[in-house]
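*Asks:* all I have is the shape, not the residue letters:
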């Protein structure tokens, strides 16, 4: 985003709505549902398109007011007071011939506008310089913290704009992913897809791109774990696994990825020598153990379970790392000897539970959730988990 002048109005609309002036928040938490800020959201949504008073009465539910005209004028007055003027004295909200609109000549910065411009630049330079295009895409994608005005999901007047930016985000994500894979930056390509799947978890093309990045990077075992996770997610939501994704997953299974000799794996990870607690594994070893447990599932007397733990919510990387470190220690402490877990991505942990009675899984997870809440009481991250039989 670069340096922002102290008089520059900064508007964040992708994800959580915020308005700042030179970095200082002016849209307070309890004001987000205030109609003056709703008016501002509407004017930003229709930026470049003046809106009549009648349209705003409808969007703001002022139609049943005793005096809609005075109510709207009052909202405009207080909104202008909250926003102030830019350094040249320009007002941010203008009215002409009974129509209201956001002043595009004023000094402001809008994340959605910046996001779209960066995507356009990246696309223009992609044929000349893949590296430059990747850098521009990554800068653009970092701005997309969630859907347009995500904290007002029922705003029907924002649906078209929300869909526009969501489609632009998915296109940019897939184009960046393809460029990264062409540059043999497979781990970055996979990480990019994993970040996107936290926002749109059921997007088929992202799952497919993630699998291809893992396969191209020589991590077929991890690709199979990812596929099984994705297939479970679709089924849990009452959906069929998309045909192309299913085809890719079946081809992985047909390749008969072998987990290697069980004794060698156990010796390598020192699982046999641990006195207490679960074992923290790296990604590659986790995929090997997962494949081993799948191959032993028919002969095993008691089932094993694959557990997925996710940290949801908008928080800076430092906060995700802090809570993730706490969660890692709690997993090691609360899971049993012989259980294995790994940090799949900054926000996602996977674990394989052995010899655990089915009714105990939810109890263990609730205990860990409560411990996370106690040790990180100020975090906005939300602890989610799900599990399935291996």
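*Replies:* Looks like it came in fine. Please read these numbers as outputs of a predicted model, since none were measured by experiment. Numbering: from 1, shown residues only.

*Asks:* contacting residues around stretch 54-73?
*Replies:* Stretch 54-73 has contacts (Cβ atoms under 8 Å, 6 or more residues apart in numbering) with 35, 38, 39, 42, 51, 53, 75, 100, 157. Glycine gets a C-beta too; all of them are placed from N, C-alpha and C.

*Asks:* what about that stretch, distance to the chain center?
*Replies:* 36 Å (Cα atoms, centre = their mean, to the nearest Å).

*Asks:* buried residues in that stretch?
*Replies:* By 16 or more other Cβ atoms under 10 Å, the buried positions in stretch 54-73 come out as 55, 56, 57, 59, 60, 62, 68, 71, 72.

*Asks:* just the contacts of stretch 54-73: which has the poorest pLDDT?
*Replies:* Across the contacts of stretch 54-73, the bottom pLDDT score, 89, is held by residue 35.

*Asks:* and that residue, how far is that from residue 65?
*Replies:* Taking Cβ to Cβ, to the nearest Å as the measure, residue 35 falls 11 Å from residue 65.

*Asks:* before we move on, what about residue 227?
*Replies:* In terms of Cβ to Cβ, residue 227 sits 54 Å off from residue 65.

*Asks:* one step back: farthest-apart pair in the buried residues of stretch 54-73, please.
*Replies:* Pairwise distances across the buried residues of stretch 54-73 (Cβ to Cβ) peak at 14.4 Å, for the pair 55 and 71.

*Asks:* so who does residue 222 touch?
*Replies:* Shown in contact with residue 222 (Cβ under 8 Å, 6+ apart): 214, 283, 284, 286, 287.

*Asks:* now the buried members of those residues.
*Replies:* Those of these that meet the buried threshold are 214, 283, 286, 287, by 16+ other Cβ under 10 Å.

*Asks:* following the helix or strand of the chain with the lowest mean pLDDT in sequence, what is the next regular element?
*Replies:* Counting by mean pLDDT, DSSP states H and E, the weakest-scoring helix or strand in the chain turns out to be helix 262-269, with a mean of 53. Once helix 262-269 ends, the next helix or strand along the chain (criterion: DSSP states H and E) is strand 279-280.

*Asks:* starting at the chain centroid, how far to that next one?
*Replies:* Using Cα atoms, centre = their mean, the offset of strand 279-280 from its chain centre is 26 Å.

*Asks:* use 50 as the first number from now on
*Replies:* Renumbered: residue one is now 50, and that last one reads strand 328-329.

*Asks:* tell me the strands beside it, with direction?
*Replies:* If you go by DSSP bridges, strand 328-329 pairs up with strand 389-394 (parallel).

*Asks:* counting by contacts, list what the helix or strand following the partner strand packs against.
*Replies:* Downstream of strand 389-394, the next assigned helix or strand under DSSP H and E is strand 397-402. Helices and strands touching strand 397-402, by 3 or more Cβ pairs under 8 Å, 6 or more residues apart in numbering; DSSP states H and E, are helix 332-344, strand 354-361, helix 366-383, strand 389-394.

*Asks:* the ones you listed into a markdown table, with extra columns for distance to residue 219 and mean pLDDT?
*Replies:* Shown next, in a markdown table, are those (distance: least, Cβ to Cβ, whole Å; pLDDT from 0 to 100):
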| stretch | distance to residue 219 | mean pLDDT |
| --- | --- | --- |
| helix 332-344 | 25 | 80 |
| strand 354-361 | 19 | 88 |
| helix 366-383 | 23 | 87 |
| strand 389-394 | 19 | 88 |
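
*Asks:* turn the buried residues of stretch 103-122 into CSV, including secondary structure and pLDDT.
*Replies:* Below are those laid out as CSV (DSSP: H, G, I helix; E, B strand; the rest coil; pLDDT from 0 to 100):
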residue, secondary structure, pLDDT
104, helix, 96
105, helix, 96
106, helix, 95
108, helix, 95
109, coil, 93
111, coil, 91
117, helix, 92
120, helix, 93
121, helix, 95
